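Enquirer: Sequence plus predicted model, see below.
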Amino acid sequence: MTDWAARVGWVVGLGLFVALVYWLMREGWKWRGTLQGDLPALPTAPDEPGAAKLSMSGRYHGSTTAGQWLDRIVAHGLGTRSRVELTLTDAGLDVVRPGAADFFVPVAALREARLDKGIAGKVLTEGGLLVVTWAHGEKLIDSGFRSDHAAEHNDWVETLNDMINKTETEGAR
């Protein structure tokens, strides 16, 4: 015979424990956003960004402090994973995310593009993630993207780094 009262007690106790863990995770996420409250508002795309050099559809996997792939940034919705439409123009990188905050990275703020294997919460095979490093306020940020067609990543890295180098040499004159 089964002791139904004990079984129901264990199920209710386990359910409450799971609910507590999820609540604590949510509070931790909100606290991280509060700690990152000094991050300025995200820039928006200019009215006339120019012709598209490259475009890509895929996934946005999040942003971290540059060089620290586990230090996720959640302020201003940067921690929210979503679909993404990336467009690179002479003005910069336009990041359009359905269901999350869009943002724009001006070409002067771009620092580096590289292929990597992971960013907070997502690890892929070597070179499976396009990571763009950019300056926002006083902070350097790494943002991770994965194209629906991973073969596009190399073109993005090459084109972005060429734009960054061109901008740096023009600024040095």
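Expert: Right, received. Where do you want to start?
Enquirer: hang on, residue 30 is in a helix, isn't it?
Expert: Yes. Assessed with DSSP: H, G, I helix; E, B strand; the rest coil, residue 30 lies in a helix.
Enquirer: Any idea how far stretch 144-157 is from the middle of the chain?
Expert: Put simply, stretch 144-157 sits 14 Å off its chain's centre (CA atoms, centre = their mean, to the nearest Å).
Enquirer: end-to-end on it?
Expert: In stretch 144-157, first residue to last residue: 12 Å (CA to CA, to the nearest Å).
Enquirer: Next, the buried residues of it.
Expert: For stretch 144-157, the neighbour count (16 or more other CB atoms under 10 Å) marks 144, 145, 146, 147, 150, 152, 153, 156, 157 as buried. C-beta coordinates here come from the backbone N, C-alpha and C atoms, glycine included.
Enquirer: next one: stretch 122-134
Expert: Neighbour-count burial for stretch 122-134, counted by 16+ other CB under 10 Å, picks out 122, 124, 128, 129, 130, 131, 132, 133, 134.
Enquirer: For residue 119, give me the pLDDT.
Expert: pLDDT, residue 119: 85.
Enquirer: from the buried residues of stretch 122-134, which is closest to residue 106?
Expert: Distances from residue 106 to the buried residues of stretch 122-134, taken as CB to CB, are shortest for residue 134 (8.6 Å).
Enquirer: Tell me which residues touch that closest one, please.
Expert: 93, 105, 109, 110, 111, 140, 141, 143 (CB atoms under 8 Å, 6 or more residues apart in numbering).
Enquirer: In space, what's closest to residue 104 - neighbours in sequence excluded?
Expert: Leaving aside its chain neighbours, residue 104 sits nearest to residue 45 (4.2 Å; criterion: CB to CB, 6 or more residues apart in numbering).
Enquirer: burial of residue 23, as a residue count?
Expert: Applying other CB atoms under 10 Å, we find 10 residues neighbouring residue 23.
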